[in-house]
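Trainee: got a structure for you, letters missing:
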């Protein structure tokens, strides 16, 4: 099945450091998306990168996509305690449903 | 900013009871989804709904589940006879016209089955 799988599963860093999360998927994609989820809350869309793009920036977020390796990475620069959350990558399958990976739980310590 | 609204935020029910979870989608969105997240686990797709019918459903979405858009605004998920394992957060999500774009999620309804 077409699913994103993130690693690491958990990441703990100090405020000010950069956080890098990786995602791998299995089949061809139209785009890949990253979402954030604060504990007990709904998911919030962060960024979408199309299959013909290699890199995309949004504020402190940088996303890369390597379609030859079927992988993506999300970099959060100069992390803050408020960045503490779970981060999920997601891709659409051929049926048009968005499938989420297991997520990376990021903890940023002040 | 437009948002997806879900009610109730938390429901506690006895096993075997029927539950209806409600969602008010963003007004001009065309595609509607329900997802489920068991505590500590990944977000799982349940069902997608477009043009007043189910477009895709997962293996989880068995005969105990149904969805409808009864009045053209609310989008509901019904669980006919709840089981303990139905305890989870249920998220409604909506999508504008491009069927491979970003989803907008509600804050979720936490269902606890006793």
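Mentor: Nice, I can see it. Note that the structure is predicted; figures quoted are calculated from it, not measured.
Trainee: Quick check: residues of chain A near chain B?
Mentor: Within chain A, the positions lying close to chain B (CB under 8 Å from any CB of the partner chain) are A:30-31, A:33, A:37, A:40-45, A:48, A:88, A:92, A:95-103. C-beta: built from backbone N, CA, C; applies to glycine.
Trainee: buried subset of those residues?
Mentor: Among the residues of chain A next to chain B, those buried by neighbour count (16 or more other CB atoms under 10 Å in any protein chain shown) are A:31, A:33, A:37, A:41-43, A:45, A:48, A:88, A:92, A:97-103.
Trainee: Just the ones in strands from those residues, please.
Mentor: A:31, A:33, A:37, A:43, A:45, A:48, A:88, A:92, A:98, A:99, A:100 (DSSP state E).
Trainee: Those residues into CSV, with extra columns for pLDDT?
Mentor: Shown next, in CSV, are those (pLDDT from 0 to 100):
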residue, pLDDT
A:31, 93
A:33, 95
A:37, 95
A:43, 95
A:45, 95
A:48, 95
A:88, 95
A:92, 89
A:98, 90
A:99, 91
A:100, 92
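Trainee: I'd like to know the beta-bridge partner residues of residue A:106.
Mentor: Counting by DSSP bridges, residue A:106 is bridged to residue A:11, residue A:85.
Trainee: Pull the contacting residues for it.
Mentor: A:10-13, A:19, A:21, A:76, A:79, A:83-87 (CB atoms under 8 Å, 6 or more residues apart in numbering or on different chains).
Trainee: can you do 10 Å?
Mentor: By CB atoms under 10 Å, 6 or more residues apart in numbering or on different chains, the contact set of residue A:106 is A:8, A:10-13, A:19, A:21, A:36, A:74, A:76, A:79, A:83-87.
Trainee: do residue B:93 as well
Mentor: Listed by CB under 10 Å, 6+ apart, the contact set of residue B:93 reads A:42-43, A:45, A:98, B:4, B:23, B:25-26, B:29, B:31-35, B:43, B:45, B:48, B:102-106.
Trainee: Now list the buried members of those.
Mentor: By 16+ other CB under 10 Å, these give A:42-43, A:45, A:98, B:4, B:23, B:25-26, B:29, B:31-35, B:43, B:45, B:48, B:102-106 as buried.
Trainee: What strands flank the lowest-mean-pLDDT helix or strand in chain A, and is each parallel or antiparallel?
Mentor: Counting by mean pLDDT, DSSP states H and E, chain A has its least confident helix or strand at strand A:5-7, which shows a mean of 80. The sheet places strand A:5-7 alongside strand A:19-24 (antiparallel), with pairing taken from DSSP bridges.
Trainee: So which bits of the strand it pairs with are buried?
Mentor: A:19, A:21, A:22, A:23, A:24.
Trainee: For the second one, which non-adjacent residue is spatially closest?
Mentor: Translated: residue A:21. The shortest distance from residue A:21 to any non-neighbouring residue, by CB to CB, 6 or more residues apart in numbering or on different chains, is to residue A:104 (4.3 Å).
Trainee: shouldn't the one you found be in contact with residue A:23?
Mentor: Yes: using CB atoms under 10 Å, residue A:104 is in contact with residue A:23, at 8.6 Å.
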